[in-house]
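Participant: give me coordinates for this.
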Amino acid sequence: MDRTRPRVRPPVRGFVRPRLLAVLATTALVAVPGITVTSSAARAADADLARNGGFESGLDGWTCTAGSGAVVNSPVRSGTSALRATPAGSDNAQCSQTVTVKPDSQYTISGYVRGSYVYLGASGTGTTDVSTWTASAADWQKLSTTFRTGTTTTKVTLYTHGWYGTPAYYADDISLVGPGVDAGQPPAVPTGLRTGTVTSSSVALSWSATTGATSYAVYRDGTKVQTVTGTSATVSGLTAATAYSFQVAAVNDAGESAKSTAVTATTGTGGGGGSGDLPAHALVGYLHASFANGSGYTRLADVPDSWDVIDLAFGEPTSVTSGDIRFNRCPQTECPNVESDAEFKAAIKAKQAAGKKVLISIGGQNGQVQLASTAARDTFVSSVSKIIDEYGLDGLDIDFEGHSLSLNANDTDFKNPTTPVIVNLIQAVKTLKAKYGAKFVLTMAPETFFVQLGYQYYGTGPWGGQDPRAGAYLPVIHALRDDLTLLHVQDYNSGPIMGLDNQYHSMGGADFHIAMTDMLLTGFPVAGNAANVFPPLRPDQVAIGMPASVNAGNGYVAPGEVNKALDCLTKKTNCGSYTTHGTWPALRGLMTWSINWDRFSAWEFSKNFDAYFG
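Facilitator: Numbering: from 1, shown residues only. Okay, the predicted model is just below:
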């Protein structure tokens, strides 16, 4: 948060070093064999073994890396659907399926593609893996190649992919023609489905093993949400105090069994992080308590009752690496109408008596905090505790910006961070949480650069050269998710960010807020790694960060656009072009920079919030 008007970080689209990318692309193109045309017709006994090769059943049977694939209705080569897959960062948008084949047999893989540098191939053949490609296909172009399976090969993987940094490609009518294999019958219906531990956001399930099953599909309210190989699963990302129905089906090469008898479970009402006594929909705002700017100084007692969480801006360090946080109230020379310390503390108590939460916010644009040592960590804990105790505050807001958080080059797993400034911050906050107990309110206000950008880029990247701050908040959020009351990412002062639809979204309308919030509530693979997924947050832990007025920061949207975003996320109406991955009526609410700027604009932001939620 800026004290005046924050600078806009330039759009971040490609961090990979261009020279290295060009070398890799050239090497790959030289190494790939040319297009192979099938020399003879398939034998009469041969069959098309590819499942859903025309994508008429969505992505059924196909798996696409980093969520890169989607089914579209235009352009299509035949039928009503085709695949669109979008490369991003270090991901080439590979979509694949594994097919059962006969050993020592001849097969032909073919398909139709559109786009630049589109590949079609087969791996795991047991002989020589094959692929074919086109450098440019403005219209549908057929690719085809053949291979022979090894003497013991019973499965091969078909795939199509694009190339790094290129636009989306399209594929349709993919087939694998050759000797068929009797897959037998699908497994029997699983039995013994039962619930285990139920929390406010997850339900644990288990069931009896089914003979012949190679995996199990888990359904929530009739929609498949997981595929697992064992006989247990935990379905997470659920809404608190909500009833759900679960079923499971057994799967093998022949297909999927019918669904089991359903079991139901109702998630708990409580959440971590001292959020139990917040209203169902809360309004969060920053109060300029230590400085004045063009918005003018607002006394705490004059803040309207609309505001449920008031973040005092800001506590700042004595130096970047000291960890020694000080909260200095605005001097009278700068804020002529500033209240006395006694009046300020009395106003805090009055707000708390009215059910409001008052927090100290640490950081902001000018307050760079780097806890690079354990000494700085311990000083941070003691100095923040002193501020909380002196003013009788309800908790802490972490608003680390700029260069406060960045990742060391070898720190690649957000679930197990090793960078000292990350590890020490997590430990410090956990210590504060333990000291003050369950009612301690913990909020965070990172920028999109440090959170949603992690879908594409994380730290310095596999080849180096990326900004080490990319996605650097993710390990902090993940480690503290059980203690976190609210995450309100700053959906402003942001460059274009890629959403889960693999399209870039820019500030200026409801679409940006919908796409950025959907990522938090759905979860996403970090840096395109499908094996390293940032899990979704509970909707009651999420608020959307917006500027209160055009003066407060870049990315302001009018009340009508604010309401469109809320309609889409909580009711799935007014969604525009972006399709969310769920509906979250329990979304906690909105955050704004700032209360002072809202007052400057005749309370437009808070009045609209009150009118929307009633």
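Participant: separation between residue 291 and residue 1?
Facilitator: In this structure, residue 291 and residue 1 are 11 Å apart, going by CB to CB, to the nearest Å. C-beta here means a position set from N, CA and C on the backbone, and glycine is covered the same way.
Participant: separation between the residue nearest to residue 441 when sequence neighbours are not counted and residue 199?
Facilitator: Taking CB to CB, 6 or more residues apart in numbering, and ignoring the residues beside it in sequence, residue 441 has residue 395 as its nearest neighbour in space, at 3.2 Å. Relative to residue 199, residue 395 is positioned 22 Å away (CB to CB).
Participant: the two - which one has more neighbours?
Facilitator: Between residue 395 and residue 199, counted using other CB atoms under 10 Å, the more crowded position is residue 395 (22 against 18).
Participant: the closest residue to residue 513 other than its chain neighbours: what's it in contact with?
Facilitator: In space, not counting the residues next to it along the chain, residue 513 is nearest to residue 565; the distance is 4.0 Å by CB to CB, 6+ apart. Residue 565 makes contact with 510, 513, 514, 517, 544, 557, according to CB atoms under 8 Å, 6 or more residues apart in numbering.
Participant: how about residue 565, phi and psi?
Facilitator: Residue 565 has phi and psi values of phi -60, psi -40 when expressed as degrees, to the nearest 10.
Participant: can you check residue 456 too?
Facilitator: Torsion angles at residue 456 (phi, psi; degrees, to the nearest 10) stand at phi -100, psi -40.
Participant: for it, which non-adjacent residue is closest in space?
Facilitator: According to CB to CB, 6+ apart, the nearest residue to residue 456 is residue 89 (4.5 Å).
Participant: how close does the one you found get to residue 527?
Facilitator: Between residue 89 and residue 527 the distance, using CB to CB, works out to 7 Å.
Participant: more neighbours, those two?
Facilitator: Under the criterion of other CB under 10 Å, the comparison of residue 89 against residue 527 puts residue 527 first, with 26 against 22.
Participant: setting the sequence-adjacent residues aside, check what's closest to that one.
Facilitator: Counting by CB to CB, 6+ apart, residue 458 is the residue found nearest to residue 527 once chain neighbours are left out, at 4.0 Å.
Participant: confidence score at the one you found?
Facilitator: With respect to pLDDT, residue 458 scores 96.
Participant: could we number from 31 for the rest of this?
Facilitator: Yes, from this point I'll number from 31; that puts the last item at residue 488.
Participant: what about it, helix or strand, and which?
Facilitator: For residue 488, there is no enclosing helix or strand under DSSP states H and E.
Participant: how many other residues sit next to it?
Facilitator: When neighbours are defined as other CB under 10 Å, residue 488 has 29 of them.
Participant: OK, contacts around it?
Facilitator: Taking CB under 8 Å, 6+ apart as the criterion, residue 488 is in contact with 437, 442, 444, 500, 501, 504, 556, 557.
Participant: mind redoing it with 7 Å?
Facilitator: Shown here is residue 488, whose contacts under the criterion CB atoms under 7 Å, 6 or more residues apart in numbering are 442, 444, 500, 501, 556, 557.
Participant: in PyMOL, how would I select the buried members of the residues you listed?
Facilitator: Those of the contacts of residue 488 that meet the burial criterion (16 or more other CB atoms under 10 Å) are gathered into one PyMOL selection, given here:
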select buried, resi 442+444+500+501+556+557
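Participant: mind putting the contacts of residue 488 into TSV with distance to residue 166?
Facilitator: Putting these into TSV (distance: CB to CB, whole Å) gives the following:
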residue	distance to residue 166
442	35
444	37
500	32
501	34
556	32
557	29
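Participant: so can I have JSON lines of the contacts of residue 488 showing distance to residue 162 and secondary structure?
Facilitator: Written out in JSON lines, the entries for those read as follows (distance: CB to CB, whole Å; DSSP: H, G, I helix; E, B strand; the rest coil):
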{"residue": "442", "distance to residue 162": "33", "secondary structure": "coil"}
{"residue": "444", "distance to residue 162": "37", "secondary structure": "coil"}
{"residue": "500", "distance to residue 162": "35", "secondary structure": "coil"}
{"residue": "501", "distance to residue 162": "36", "secondary structure": "coil"}
{"residue": "556", "distance to residue 162": "32", "secondary structure": "strand"}
{"residue": "557", "distance to residue 162": "29", "secondary structure": "coil"}
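Participant: can you give me the helices for the stretch 531-644 of the chain?
Facilitator: 540-552, 589-601, 625-630, 634-643 (DSSP state H, counting those that start in this stretch).
Participant: now do the same for the second one: mean pLDDT, whole number.
Facilitator: The predicted model assigns helix 589-601 a mean pLDDT of 96.
Participant: now that helix: buried residues?
Facilitator: Within helix 589-601, the residues that count as buried by 16+ other CB under 10 Å are 591, 592, 593, 594, 595, 596, 597, 598, 599, 600.
Participant: determine which two of these are furthest apart.
Facilitator: By the measure CB to CB, 591 and 600 form the most distant pair in the buried residues of helix 589-601, at 15.0 Å.
Participant: least trustworthy helix or strand in the chain by mean pLDDT?
Facilitator: Of all the helices and strands that make up the chain, helix 48-61 has the lowest average by mean pLDDT, DSSP states H and E, namely a mean of 36.
Participant: next helix or strand past that helix?
Facilitator: Sequence order places strand 76-78 as the next helix or strand after helix 48-61, per DSSP H and E.
Participant: sheet partners, orientation included, of the helix or strand just after that next one?
Facilitator: Where DSSP H and E defines the elements, the next helix or strand beyond strand 76-78 is strand 93-94. Taking DSSP bridges as the criterion, strand 93-94 pairs within the sheet with strand 125-130 (antiparallel).
Participant: find the nearest non-adjacent residue to residue 410, please.
Facilitator: Nearest to residue 410 is residue 353, by CB to CB, 6+ apart, at 3.9 Å.
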